[in-house]
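Show me how the following folds:
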Amino acid sequence: MISRRKFLISSITASAAIAAGFVPTPITNETLSSRAIKLKDNTSPIVISTWKHGIPSNEKAWQILKKGGRALDAVETGVRVPEGDPKITSVGYGGLPDRDGHVTLDASIMDEFGNAGSVACIEHIKHPVSVARLVMEKTKNVMLVGEGALQFALENGFKKEDLLTEKAKKEWEKYLKENNYKPSYENHDTIGMIARDQSGNLSGACTTSGLSFKLRGRVGDSPIIGAGLYVDNEVGGATSTGMGEYVMRSLGSFLIVELMRNGKSPQEACEIAIKRIVQKQKMYKDTDVAYIAINKQGETGAYAIKKNFQYALYKDGKNLLIDSDYLMK
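Now for the predicted structure:
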């Protein structure tokens, strides 16, 4: 039986919340045991991802979704495409190294239950997103970094490889001659992907090799849950690309999902998140950041600070590369 004191405290707390405009959703045993919410109406799969390498990534993801597969499997499979492509110099194998010649990778993944896993500054593993998934599914942790992440990967059957391609090595050697070992702040075409499956459930993934010729040990926003990636299956998901430091300072992906929770469309939420960066961070003109988002209803949005950001959208049987709207016109 509840005591009078506890009843008064809970009543006062509830009254204050209502007065502030916040009415919490009742939590029942049913919602605790099954947070994967299925839509009552028929839903069609949707995949949205960043940049032109999102086109082949979406294709792979779609092969899983069209057969009724899980969104989590789709996003992992999709972003593994650029991770394994040596021609792409900003993700996975083929990624340009830090200024000391080390290829270090960051990745994260998040499922429909709110589970998340990530790895940061991992070396010698071609597919860090798959290591991130194992962190999520086989440990009680969210993030592993550096040598510890590599050890975990090797213990779980991943192959240790030299990720520095000849092309990347030549670019690095050229950088050393021309820049006198000064760290670079360029090349940040991360791939982030959000998918909705036929059950209406959402998952996301984000993976990158980060800035080319960066400071040794630098980690961007991609493996930071809430910064480079965030998914809430009751609301929607968002992911980012661009200068990670700007995204981390504003927790942009989490912000977008919370804006959607409060009634904003994915497009409106992405625009507000970009404007937040511009308002709060003085050096925004020197770089770029872009976001993509999708809500539970299948609406999508994208917005960038500058021109030239493109995203790939697979919807209604069509896989399109779309020029994003942007702020600085």
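
Look up phi and psi at the closest residue to R196 other than its chain neighbours.
Excluding the flanking residues, the one nearest R196 by Cβ to Cβ, 6 or more residues apart in numbering is I46, at 4.6 Å. In this view, the C-beta of every residue, glycine as well, is placed from N, C-alpha and C. Per-residue torsions, I46: phi -140, psi 140 (degrees, to the nearest 10).

now I46: how far from N201?
Between I46 and N201 the computed distance is 12 Å (Cβ to Cβ, to the nearest Å).

ok, Y93 touching K126?
Yes: using Cβ atoms under 8 Å, Y93 makes contact with K126 at a distance of 4.7 Å.

Low-confidence ranges, the chain, go.
Scanning the chain for pLDDT under 70 picks out the ranges 1-42, 186-188.

Swap in 50 and give it another go.
For the chain, the stretches flagged by pLDDT under 50 are 1-42.

okay, Y93 and K126: which has more neighbours?
When Y93 is set against K126 and neighbours are counted by other Cβ atoms under 10 Å, the residue ahead is Y93, at 23 against 20.

Pretty sure that one sits in a strand.
No: looking at Y93 with DSSP: H, G, I helix; E, B strand; the rest coil, it is coil, so not inside a strand.

returning to what we had before: and for Y93 and K126, which residues touch both?
Taking Cβ atoms under 8 Å, 6 or more residues apart in numbering as the criterion, Y93 and K126 both touch E83, G84, E161, L163.

what about dumping the CA coordinates of stretch 207-219 to PDB?
Coordinates of each C-alpha in stretch 207-219 appear next as PDB, following Å, rounded to 0.1, in the frame of the first residue of the first chain:
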ATOM      1  CA  THR A 207      30.800   4.900 -40.000                       C
ATOM      2  CA  THR A 208      33.900   6.900 -41.000                       C
ATOM      3  CA  SER A 209      37.700   7.100 -41.200                       C
ATOM      4  CA  GLY A 210      37.300  10.700 -39.900                       C
ATOM      5  CA  LEU A 211      39.300  13.700 -40.900                       C
ATOM      6  CA  SER A 212      42.200  13.000 -43.200                       C
ATOM      7  CA  PHE A 213      45.700  13.600 -41.700                       C
ATOM      8  CA  LYS A 214      44.100  14.400 -38.300                       C
ATOM      9  CA  LEU A 215      45.800  14.500 -34.900                       C
ATOM     10  CA  ARG A 216      46.700  11.000 -33.600                       C
ATOM     11  CA  GLY A 217      43.800   9.800 -31.500                       C
ATOM     12  CA  ARG A 218      41.200  12.200 -32.800                       C
ATOM     13  CA  VAL A 219      37.700  10.900 -32.600                       C
END
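
distance between it and the chain's centre?
Here the centre of stretch 207-219 is set off from its chain's centre by 16 Å, with Cα atoms, centre = their mean, to the nearest Å.

same thing with stretch 316-323?
Stretch 316-323 sits 20 Å away from the centroid of its parent chain (Cα atoms, centre = their mean).

Buried residues in it, which are they?
Buried residues in stretch 316-323, defined by neighbour count with 16 or more other Cβ atoms under 10 Å: N319.

again, but for stretch 162-179
Quick answer for stretch 162-179 (16+ other Cβ under 10 Å): L163, L164, T165, A168, E171, W172, Y175.

Narrow the residues you listed to those in helices?
Secondary structure from DSSP state H places A168, E171, W172, Y175 of those in helices.

Secondary structure element for the closest residue to the second one other than its chain neighbours, which one?
To tie it back to what came earlier, the one meant is E171. Of all residues not flanking E171 in the chain, L96 sits nearest, at 5.8 Å (Cβ to Cβ, 6+ apart). Assigned by DSSP states H and E, L96 falls within no helix or strand.
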